[in-house]
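Asks: Dropping the sequence and predicted coords here.
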Amino acid sequence: MECWYKNTCKKVHDGCRCLRYDEMLSLFQQSNIPEGKWNKIELIAGEDHNQFVRLAEIKKDIKSYVQQGNNLYLYSNNFGNGKTSWAIKLMQAYFNQIWAGNRFCRRGVFFSVPEFIDREHIRMSRDDDDFDELRDAIITCDLVIWDDISSIKMTDYSHSLLLNFIDTRFVNKKCNIFTGNLDGELLGKYAGGRLASRIWNGSELIQLNGPDRRGQ
């Protein structure tokens, strides 16, 4: 894995390994973030300039944002305009601010909600140790990204499952970042009223309006 600090570190990087690199690598490996998203993500602000400014403010002091147990819902009627990428950028920034003294602990977890629900159903019929570890980490880790929270219409079981995890994190002042494509009323129709209320009324809301820019 290419070092995150190759452009700023004064050390030689031909095969260089240091504690900072090893801690960051461990944080990413334990996070469930797709490996293709581990490096710096460049985004185009366009008509979302003000929203990007606010997100940059959060990113600058993400350690405090997480420690205070804040929650964020990034949503848009459009696809491919940076919701997931911004969520991951914020987790990347958090890792960068807390790696020192971390002792290789898991501090953040990324979940695609549809994948999480699918794996939860599979878990009923066969063992999945990796998923069990991630699942257990939801309760204790500092930050969880719930990606695509509104992309599928939830069953009563799925709603109850997610509500239990998310409600526990809210009660314990654990930070969550949600991404989705629905506002409050429609969110309730897909995610269920109680879960939607937790997300919509318990989070800072940032709506992105830009068009689909995937691949740009």
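Replies: Thanks, I have the structure now.

Asks: residue ranges with poor pLDDT in this protein?
Replies: Low-confidence segments of the chain (pLDDT under 70): 10-16, 212-216.

Asks: State the distance from the residue nearest the centre of the chain to Ser151.
Replies: Nearest to the mean C-alpha position of the chain, by Cα atoms, centre = their mean, lies Ile145 at 2.4 Å. Going from Ile145 to Ser151 by Cβ to Cβ, to the nearest Å gives 14 Å. The C-beta positions use only the backbone N, C-alpha and C, and glycine is treated the same way.

Asks: where's the residue nearest to the centre of the chain relative to Gln92, distance?
Replies: Distance from Ile145 to Gln92, by Cβ to Cβ: 11 Å.

Asks: And the helices in the protein?
Replies: 19-31, 49-60, 62-67, 83-98, 113-123, 129-140, 156-171, 184-191, 193-201 (DSSP state H).

Asks: between the ones you listed, which gets nearest to Tyr73?
Replies: helix 193-201 (5.5 Å; Cβ to Cβ).

Asks: Touching that closest one from outside, list them.
Replies: 71, 73, 149, 154, 159, 162-163, 166-167, 170, 178, 180, 183-184, 187-188, 190-191 (Cβ atoms under 8 Å, 6 or more residues apart in numbering).

Asks: at 6 Å instead, please
Replies: With contacts defined as Cβ atoms under 6 Å, 6 or more residues apart in numbering, helix 193-201 is touched by 73, 159, 162-163, 166, 178, 184, 187-188.

Asks: mind listing what's buried in stretch 76-88?
Replies: Of the residues in stretch 76-88, those with enough neighbours to count as buried (16 or more other Cβ atoms under 10 Å) are 76, 81-88.
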